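Visitor: Fold the following, please.
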Amino acid sequence: MRTRIITGVVAGAAFIGLLLLGGYAYSALIALMALIGYDELVRMNKMKRFGAAALCGYAGLVLVLAPSFDLGSKWTEVVTQERLVWFLLFALLAVTVFSKNKTTIDQAAYLFLGTIYLGIGFFYMMETRVEGEHGLFWTLFVFLAIWASDAGAYFTGSLIGKAKLWTLTKLWPAISPNKTVEGAVGGILLAVVVAISFHFAKPELVSLGHAIALGVVIAIVGTLGDLMQSAYKRVKGVKDSGTLLPGHGGILDRTDSWLIVFPFLHLIGLL
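Guide: Residues are numbered from 1 along each chain as shown. Next up, the predicted model:
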């Protein structure tokens with residue numbers, strides 16, 4: 001527990017510091033996290049980290065993230081998302097041919113999915129921060145609501161369990177045995193409280209109704225993002241995606257909710 005707390009405080013302080021600083025410092029941190037997360041995916045699937053297929057994925061990931069570094073309109077005209085997705089698919093399928101199926105179609109599909117999953121997720125973390133003059137406000141809003149949801153779920157479940165008020169109802173025991181319905185409700189409530197505090201801090205930026213809606217959606221979608229990765233790790237037979245953060249696991253273990261929440265909010269128009 002001591003190691004977990006120390007790691008959380010140090011890593012959290014460094015992350016928040018670069019988030020507040022913004023600009024290329026924050027974008028570079030997110031890009032680095034994306035690359036480490038992709039490396040964790042490759043290793044969880046027991047593939048060669050620097051094989052041809054994995055290198056295609058690394059390159060695709062960098063290209064997905066590149067627009068956030070403001071490389072100019074010419075770049076975005078040439079490297080469109082449609083072209084990028086197709087050429088990544090083409091490259092990975094070509095590897096299966098040239099490797100004579102040493103890289104299987106299943107592995108190619110896995111790397112393709114991983115590149116899109118991580119690329120789009122981390123891209124929107126970067127975009128939220130650099131978008132407009134209120135990027136810091138919205139980025140802090142989303143991150144703090146996610147963290148509040150996690151904390152609310154953990155402490156609600158723990159308190160009810162220790163007090164033995166009633167038998168906790170498992171949320172999805174086949175995938176994540178420790179998550180409970182009561183914890184999920186506690187997470188939603190605390191995320192909404194945090195969201196409302198942002199409304200009172202800047203009512204001109206977010207209405208009360210919008211803030212409440214964001215809090216609820218962030219908590220629910222964040223929990224689903226957590227379950228998605230738990231399901232994957234269960235299939236792969238691993239507890240943690242990596243060991244980079246002592247007591248916390250890998251990058252993917254810490255960002256599972258982020259990777260789903262940020263693009264979801266943008267793509268449905270809530271941010």
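
Visitor: what residues does the strand or helix carrying Gly187 touch?
Guide: According to DSSP states H and E, Gly187 maps onto helix 181-201. Outside of helix 181-201, the residues within contact range by Cβ atoms under 8 Å, 6 or more residues apart in numbering are 137, 140-141, 144-146, 148-157, 160, 168-171, 206-208, 210-212, 214-216, 218-220, 222-223. C-betas here are computed from N, CA, C, even on glycine.

Visitor: How are the strands of the chain distributed by residue range?
Guide: If DSSP state E is used as the criterion, the strands of the chain fall at 170-172, 176-180.

Visitor: which among the contacts of helix 181-201 end up buried?
Guide: 140-141, 144-146, 148-150, 152-153, 156-157, 160, 168, 171, 206, 211-212, 214-216, 218-220, 222-223 (16 or more other Cβ atoms under 10 Å).

Visitor: So which of the residues you listed belong to helices?
Guide: Taking DSSP state H, the ones among the buried ones among the contacts of helix 181-201 that sit in helices are 140-141, 144-146, 148-150, 152-153, 156-157, 160, 211-212, 214-216, 218-220, 222-223.

Visitor: re the thing from before, could I get the buried residue list for the helix holding Gly187?
Guide: Buried-residue list, helix 181-201, by 16+ other Cβ under 10 Å: 182-192, 194-196, 198-199.

Visitor: same thing with stretch 170-179?
Guide: Buried, per 16+ other Cβ under 10 Å, within stretch 170-179: Leu171, Trp172, Ile175, Ser176, Lys179.

Visitor: Could you chop this protein up by domain?
Guide: Using automatic domain parsing, the domain parsing of the chain gives 1-130, 134-271.

Visitor: I'd like the average pLDDT over the longest one.
Guide: Confidence over domain 134-271 (mean pLDDT, whole number) is 93.

Visitor: same thing with the first one?
Guide: Mean pLDDT, taken over the full extent of domain 1-130, equals 89.

Visitor: Could you check how far His199 is from Leu136?
Guide: Applying Cβ to Cβ, to the nearest Å, the value for His199 to Leu136 is 16 Å.

Visitor: show me the contacts for the closest residue to Arg49 other than its chain neighbours.
Guide: Nearest non-adjacent residue to Arg49, counting by Cβ to Cβ, 6 or more residues apart in numbering: Val42, 5.5 Å away. Residues in contact with Val42, defined by Cβ under 8 Å, 6+ apart, are Lys48, Arg49, Ala54, Gly57, Leu111, Gly114.

Visitor: rewinding a little: just the CA trace of the helix holding Gly187, in PDB.
Guide: Output in PDB follows, covering the C-alpha atoms of helix 181-201 (Å, rounded to 0.1, in the frame of the first residue of the first chain):
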ATOM      1  CA  VAL A 181     -23.500  -1.900  -8.200                       C
ATOM      2  CA  GLU A 182     -23.400   0.100  -5.000                       C
ATOM      3  CA  GLY A 183     -19.900   1.200  -5.700                       C
ATOM      4  CA  ALA A 184     -20.900   2.200  -9.300                       C
ATOM      5  CA  VAL A 185     -23.800   4.300  -7.900                       C
ATOM      6  CA  GLY A 186     -21.400   6.000  -5.400                       C
ATOM      7  CA  GLY A 187     -19.000   6.700  -8.300                       C
ATOM      8  CA  ILE A 188     -21.800   8.300 -10.300                       C
ATOM      9  CA  LEU A 189     -22.800  10.500  -7.300                       C
ATOM     10  CA  LEU A 190     -19.300  11.700  -6.600                       C
ATOM     11  CA  ALA A 191     -18.600  12.400 -10.300                       C
ATOM     12  CA  VAL A 192     -21.800  14.500 -10.400                       C
ATOM     13  CA  VAL A 193     -20.700  16.400  -7.300                       C
ATOM     14  CA  VAL A 194     -17.400  17.200  -8.900                       C
ATOM     15  CA  ALA A 195     -19.100  18.200 -12.200                       C
ATOM     16  CA  ILE A 196     -21.500  20.500 -10.400                       C
ATOM     17  CA  SER A 197     -18.500  22.200  -8.700                       C
ATOM     18  CA  PHE A 198     -17.200  23.100 -12.200                       C
ATOM     19  CA  HIS A 199     -20.600  24.600 -13.000                       C
ATOM     20  CA  PHE A 200     -20.300  26.900 -10.000                       C
ATOM     21  CA  ALA A 201     -16.700  27.700 -10.800                       C
END
